[in-house]
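Q: what's the 3D shape of this:
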Amino acid sequence: MKKYITAVLLCVLMLTAFVTGGCTDSPVQTQQWDVIATVFPAYDFARAVAGDLLQIKMLISPGSEVHGFSPTLDDLAAVQNCNLFIYSGGETDTWADEQFRSGNLDTEQFTALAMTSCVELKAIPAAIEEDMHDHEHDHAQTEDYDEHVWTSPENAVRILKAICDELCRLYPEHEETFRSNAENYANQITAQAQEIQKIVDNASNKMLVFEDRFPFVYFCEQFGLSHTSAFGGCAGNTEVSAATLNTLVKTVQNHNIPCVLYLEFSKMQTADSIVAATGCTKREMHSYHNVTQEDFDNGVTYVDLMKRNTETLKEALS
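A: Below is the predicted model of the structure:
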């Protein structure tokens, strides 16, 4: 039924374009993209590899919440007509898998690359709220994998190189440039990761406390950090209960945690409550999912966000 409705809407859209465009032999002109990426990390890695040689689009608008994104007909048409479509492969982009299964997006006409297919996946760790509900969802939890693979710099480099391989296959005339660009960017990511590792190695405290969601399982595993949070992964429900808030407050007090962390676009209500109860500070830990419109317009990169997180960690692990 969804496929039928989509087909009907596409027909209506095409008919409208024909009527409003007049009875000419010229086709309706639409923007053609070489690469379309759903979330910021995929967009940034593709941009780093391709430079100015390709037209690259981030499907989800800067400044918007990526969870619950629903593509428009224009979005689907753009994906169908691109050469490389890069998506997370996780819960954020379940809509893409649904479109593949339904046949609304024909992957024989373009290459689809899931970032989760580039690395070894880790299960979403249990969080405070899950522990307080008698592990009602333990069985499902063991089958759920964290999609935020890009938070680990090591994984980011793997994904970057996988994107480079695909672009070299699709545009062999630019292979030398693509591989040079990818190597340069991988070196930048690795250099910043080494700075983070120095901070962790010299830290007396190695625990991170997040006010609600926790999309950093890959990051913490790479750097040997422990963690606690109200919710695991990017849970849809982020209403923190009084019991969970109390547990977070006690954790901060018992471990002398200097600052509580919140994610980009967070309302920071729980963080503010923890700060008020403990006297600690609060700092943003960016998960790279999306960026503000200002950052996007200024050309912020994954490495730029790594540097911001590095400054946050200096305080959080002090």
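Q: would H227 count as being in a strand?
A: Yes: under DSSP: H, G, I helix; E, B strand; the rest coil, H227 falls within a strand.
Q: List the single closest residue to it in space, sequence neighbours excluded.
A: Nearest non-adjacent residue to H227, counting by C-beta to C-beta, 6 or more residues apart in numbering: L208, 4.7 Å away. No exception for glycine: its C-beta is placed from N, CA and C like everyone else's.
Q: I'd say the one you found and L261 touch.
A: Yes: taking C-beta atoms under 8 Å as the definition, L208 is a contact partner of L261 at 6.0 Å.
Q: Need the overlap of contacts for those two.
A: By C-beta atoms under 8 Å, 6 or more residues apart in numbering, L208 and L261 have these common neighbours: M285, A316.
Q: returning to what we had before: which helices and strands does the helix or strand the residue nearest to H227 falls within pack with?
A: Assigned by DSSP states H and E, L208 falls within strand 207-210. The helices and strands touching strand 207-210, judged by 3 or more C-beta pairs under 8 Å, 6 or more residues apart in numbering; DSSP states H and E, are strand 226-229, helix 242-254, strand 259-262.
Q: Report the rounded mean pLDDT for the second one.
A: So the one you mean is helix 242-254. For helix 242-254, the mean per-residue pLDDT is 95.
Q: Then stretch 68-82?
A: Stretch 68-82 comes out at a mean pLDDT of 93.
Q: For Y43, the count of nearby residues, please.
A: Using other C-beta atoms under 10 Å, the number of residues around Y43 comes to 24.
Q: give the contact list for it.
A: Counted by C-beta under 8 Å, 6+ apart, Y43 has contacts A37, I56, K57, M58, I86.
Q: Show me which of those residues are buried.
A: Listed as buried from the contacts of Y43 are A37, I56, K57, M58, I86; burial here means 16 or more other C-beta atoms under 10 Å.
Q: my read: the third one touches V35, true?
A: It stands for K57. Yes: the pair K57 / V35 is scored as a contact, 7.2 Å apart, by C-beta under 8 Å.
Q: shared neighbours of the two, anything?
A: Shared contacts of K57 and V35, defined by C-beta under 8 Å, 6+ apart, comprise C82.
Q: hmm, who's touching stretch 309-318?
A: Outside stretch 309-318, the residues touching it (C-beta under 8 Å, 6+ apart) are 192, 195-196, 199-200, 203-206, 208, 257-259, 261, 281, 283-286.
Q: in it, what counts as buried?
A: Those would be N309, T312, L313, A316, L317, for stretch 309-318 by 16+ other C-beta under 10 Å.
Q: ok, and the second one, which helix or strand is that part of?
A: If I follow you right, that is T312. Per DSSP H and E, T312 falls inside helix 302-316.
Q: The nearest residue to K161 once chain neighbours are set aside: how many residues sit nearby?
A: Among residues not flanking K161 along the chain, A182 sits closest, at 6.0 Å (C-beta to C-beta, 6+ apart). A182 has 23 neighbours, counted by other C-beta under 10 Å.
Q: ok, now how distant is A182 from L54?
A: According to C-beta to C-beta, to the nearest Å, A182 stands 13 Å off from L54.
Q: Which of the contacts of Y43 sits closest to E65?
A: M58 (14.2 Å; C-beta to C-beta).
Q: ok, and what's touching stretch 247-260?
A: Residues contacting stretch 247-260 (C-beta under 8 Å, 6+ apart): 128, 205, 207, 209-211, 228, 230, 240, 270-271, 273-275, 277-278, 280-283, 312, 315-316, 318.
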